[in-house]
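Q: Okay, here's the prediction I keep looking at, along with the sequence it came from:
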Amino acid sequence: MRNTTSDTPPPDVNLATGTPPQPKESFPVSFWTANLTELFERGAYYAMASFVVLYLGQLGLGDYWPSTLNGILWTLVYFLPILSGTIADQVGFKRSLLAAFVMLSAGYFLMGYPVWFGGEILYDMVSSDVTAGAGVIVPVIIGILVIGMGGSVIKPCISGTVQKTAGARATLAFGIFYMVINIGSLVGRGISYVVRTSYDLSFIFAVAVGCSVVAFFVVLFLYHDTQEDMDARRNRKERRSVSRILLDMVMVLKNTRFALFLVVSSGFFFIYSQVYNVIPLYLKKVVETDPAVDIYTMANPFTIVFFQLLITKLFGKMKPISSIIVGIIIIGASMLVNIIPIYAGGVRLEVWDLLPLGALFATLTVAMIAFGELFTSARTYEYIGALAPKGKEGLFLGYANLPMAIGSLIGGPAGAAIFNEIMCTNAVTLENGLLELDPTWNALGWIVLMGIGLVSALSMWLYNRWLQKQVA
C-alpha cells in the first residue's frame with residue numbers, strides 16, 4: 001500500500017519553525033493618508049515657491065524686501081516646528097492638520113489678494129524701487145506669517161505619523177515619504193506652470209489654495225490619529241508648556257558642540273536658499289523677460305528621484321561628516337558653473353532655440369544643489385543623533401531644522417545684496433528691460449557665493465577636527 005504521507009513540509013510552512021509564515025504587515029491607512037496629505041501640501045508650497053521673490057518684486061516691493069520676506073517665510077516654516085510640534089502632540093495631529101490647512105489656504109489667498117481683489121497690477125519687470133502701498137504690504141506680510149505658521153504644523157504631524165506607523169520598516173516608510181515629497185514638488189510646479197501661463201503670475205497662489213483645500217478634505221475624511229497617539233494623550237500626566245520648550249531650547253543651545261554645528265552647517269542652507277532668491281532674480285532681470293523658473297527648478301526633485309538610490313548605494317557607507325562636507329563642496333561648486341555662459345557667448349545665447357544659455361546653467365546649478373542635498377540632508381540627522389548626549393537624541397533631533405532656518409533668514413537679504421550690489425555693479429538697462437551685466441562683476445557675484453560654500457565646508461572640516469580632539 002502506498003504511503004500518502006510525506007516528511008517534506010508543504011511550501012507554505014516555515015522550515016525553521018514548522019509554522020506557516022506570517023504575511024508581511026502592510027502599512028496602516030493613516031500612513032497612506034499622511035503621505036497623500038503631504039503630496040498636496042508640497043504641491044501647494046512648490047506651486048508658488050519659485051516665484052515668490054519675482055511676484056513680490058513685480059508688485060513693487062523693491063530690490064530687498066522680496067528676498068527678505070521670502071527668507072522670513074522659510075525661517076518660520078523651519079523654526080516654529082519646535083513649538084508647533086509640541087502643541088500638535090497635545091491636541092492631536094488631525095486637529096492640528098485641519099487648523100494648519102485653514103491657515104495655509106488663508107495665507108495663500110492673502111498673497112494673491114492684492115491682484116485679485118485689491119486692484120493692484122503686476123509690473124512686467126521687477127522694480128528696484130518700493131512703490132507698493134498698504135494694500136500690498138499688509139496682506140502680503142499677514143499672508144507670509146500665516147503660511148509660515150501653518151507650514152510649521154504640517155512637518156511634525158506628517159513626519160510623526162510616518163514614523164509611528166512605519167513599524168519595523170522605517171527605511172522603506174521614509175523612502176516612500178521622501179518620494180511623495182518630490183512627486184508633490186513636481187506636480188505643484190507643473191500645474192503652476194500651466195495655470196500662470198494661461199492667466200497671470202498671481203494664479204500660482206490659486207493653485208496653492210486649491211491644493212491646500214484638497215489636503216484639508218483628505219485630512220477631514222480620511223486621516224485618523226493613531227491609537228498610540230490617542231492613548232498617549234489620554235495617559236499624559238503633564239503637558240509640555242511653552243516655558244518648558246524654551247528651557248529645553250536653552251539647554252540644547254548651551255551645548256557648545258551642537259550650537260557650533262548648527263552655525264557651521266547653516267552655510268549649506270544659505271547657498272540652498274539662493275535657488276529661491278538669487279537664481280529667480282538673475283533669470284528674470286538678466287537672462288529672459290519671462291523665465292520658466294518653475295520648470296527650471298524641477299531639476300531638483302527630478303535629480304533626487306532618479307539618483308537617490310544610486311547615491312545611497314555608492315556612498316552610503318561614507319562617514320556622515322565626510323558626506324556632509326562633500327555635499328557642501330558640491331553646492332558651493334554649483335554656483336561657479338554660472339560663470340561659464342558669461343564667457344561662452346553670453347547668458348542670453350539661445351540653446352537649440354529652447355532656452356537661453358544662462359537658464360540652462362541655472363538649471364544645472366539646481367541639479368547640482370540636489371546632488372549636494374543627497375549627500376547632506378539625511379546624514380545630518382545621523383550626525384546630530386551621534387552628537388547628542390545619551391538619552392537626549394530625540395530632543396536634539398527636534399532642532400535639526402535650525403540650520404535651514406538660520407541659512408534662510410540670512411540668505412534672503414544677503415542673497416539680494418550679492419545680486420544687487422555685486423552682480424549688478426556697472427549694469428546697463430537694455431530696451432527690453434533686461435540688465436546687461438559687467439562680466440567681471442557678474443562673475444564675482446557667483447564666486448562670492450561659491451566662496452561662502454567652500455568656507456562652510458572648511459569650517460565643517462575644522463569643526464570635526466576640533467570635536468575629535470574634545471572627545472579624545
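A: In hand now; what should we look at?
Q: correct me, but Ile321 touches Tyr383?
A: Yes - using C-beta atoms under 8 Å, Ile321 and Tyr383 qualify as a contacting pair, with a distance of 6.2 Å. For the C-beta atoms, the positions are set from N, CA and C on the backbone; glycine is no exception.
Q: can you list contacts of stretch 350-359?
A: Contacts with stretch 350-359, where a contact means C-beta atoms under 8 Å, 6 or more residues apart in numbering, come from 282-283, 286-288, 291-292, 296, 338, 341, 344-349, 360.
Q: In helices, which of the residues you listed appear?
A: When DSSP state H is applied, these are split such that Tyr282, Tyr296, Leu360 fall in helices.
Q: By neighbour count, which of those residues wins?
A: With neighbours set by other C-beta atoms under 10 Å, the maximum within the ones in helices among the contacts of stretch 350-359 is found at Tyr282, which has 26 neighbours.
Q: Verify the contact between that residue and Asn420 for me.
A: No - Tyr282 sits out of contact with Asn420 when judged by C-beta under 8 Å, with a separation of 11.0 Å.
Q: The closest residue to Val448 other than its chain neighbours and Leu434: what is the separation?
A: For Val448, ignoring the flanking residues on the chain, the nearest one in space by C-beta to C-beta, 6 or more residues apart in numbering is Ile418 at 5.8 Å. Distance of Ile418 to Leu434, given as C-beta to C-beta, to the nearest Å: 19 Å.
Q: of these two, who's got more company?
A: Ile418 (22 against 19).
Q: still on that earlier bit, could you write me a ChimeraX select line covering just the buried ones among the contacts of stretch 350-359?
A: To isolate the buried ones among the contacts of stretch 350-359 in ChimeraX, judged by 16 or more other C-beta atoms under 10 Å, type:
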select :282,283,286,287,288,291,292,296,338,341,347,348,360
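Q: Give me the subset of the contacts of stretch 350-359 lying in strands.
A: When strands are assigned by DSSP state E, not one member of the contacts of stretch 350-359 lies inside them.
Q: give me the low-pLDDT residue ranges for this protein?
A: 1-25, 229, 231-242, 394, 472 (pLDDT under 70).
Q: Would you map out the domains in it?
A: Structural domains assigned to the chain are 27-229, 239-472, following automatic domain parsing.
Q: I figured Ser202 was touching Phe117, is that so?
A: No - between Ser202 and Phe117 there is no contact under C-beta under 8 Å: 10.6 Å.
Q: now the residue nearest to Val448: how far from Gly451?
A: Distance check for Ile418 against Gly451: by C-beta to C-beta, it reads 11 Å.
Q: Then Leu309?
A: 33 Å.
Q: same question, Val126
A: Taking C-beta to C-beta as the measure, Val126 falls 26 Å from Gly451.
Q: between those two, which one's more packed in?
A: Here Val126 and Gly451 are set side by side on neighbour count (other C-beta under 10 Å), and the busier one is Val126, at 22 against 14.
Q: for that one, what are its contacts?
A: Taking C-beta under 8 Å, 6+ apart as the contact definition, Val126 lies against Leu54, Gly57, Gln58, Pro66, Leu281, Lys284, Lys285.
Q: which one of the residues you listed is nearest Glu373?
A: Closest to Glu373 out of those is Leu281 (21.5 Å), distances taken as C-beta to C-beta.
Q: so what's that closest one closest to, chain neighbours aside?
A: Closest residue to Leu281 apart from its sequence neighbours, by C-beta to C-beta, 6+ apart: Phe419 at 5.2 Å.
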